[in-house]
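Asker: Would you be able to build a 3D model of this:
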Amino acid sequence: MSAYHEGHRRLQDHFDSRRVADRLEQHTYRGALTDGDRAFVESADMFFLATADPDGNPDCSYKGGAPGFVRVLAPGELAWPDYDGNGQFRSLGNVAVHAPVALLFIDWARPRRLRIHGRARLDLDDPLLAEMPGAQLLVRVAVDRVFPNCPRYIHTMERVSASPYVPRAGEEPPVPGWKQDARFADALPAPRKRDA
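Answerer: Residues are numbered from 1 along each chain as shown. Have a look, this model is predicted:
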């Protein structure tokens, strides 16, 4: 089955790019992660997650952590922990009712990017959570499609410092300012046993 639908094809035909799109699909798309993909994904300290609700309303979020927070469990499966956030669960709420996801990994220092499409599921009691400080749930993705993208428009950047909020074993992260704001402080959830 082609990775392209009618909307892709209309634009490919308009811009005479159907041949190259087919060639890219033929030579660069794959159904599983390679060893090189694994190294790239597991060295990442961030990625972008795209989801949609059952009606097709999209959401996109940034997911960050220490390098290695995304784990490749097998060529066809990866997982990452979800950390404490603002409690809206916009992306993961979509996953709870509509499994398709797209992940975009970017290496800003040596411009490179990798896209991963798959089907996600949430697990509140996964044994891997015990190995992930600060995790409140685990997201597992069954990989459907993996493919690189041309990096030419990626701006070269370097990381100045890691976020102090990234969970680290044996360290208590600082409390974010918004959680101390009087408009929200009395609405915060009670600490969970795992967090306490």
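Asker: which regions of this structure sit below the pLDDT cut-off?
Answerer: Within the chain, the segments meeting pLDDT under 70 span 192-196.
Asker: Where do the strands of it begin and end?
Answerer: 46-52, 58-64, 71-74, 77-83, 100-107, 112-123, 135-149 (DSSP state E).
Asker: Note down every partner strand of the shortest one and its orientation.
Answerer: Right, the one you point to is strand 71-74. strand 77-83 (antiparallel) (DSSP bridges).
Asker: List the buried residues for the strand it pairs with?
Answerer: Neighbour counts using 16 or more other Cβ atoms under 10 Å place 78-83 of strand 77-83 among the buried residues. No exception for glycine: its C-beta is placed from N, CA and C like everyone else's.
Asker: just these now: which is nearest residue 180?
Answerer: Checking the buried residues of strand 77-83 against residue 180 by Cβ to Cβ gives residue 83 as the nearest, at 18.3 Å.
Asker: Quick one: residues contacting the closest one.
Answerer: Contacts here follow Cβ atoms under 8 Å, 6 or more residues apart in numbering; on that basis residue 83 touches 65, 134-136, 166-167.
Asker: can you check residue 92 too?
Answerer: Residue 92 touches 51, 82, 122, 137, 139, counting by Cβ under 8 Å, 6+ apart.
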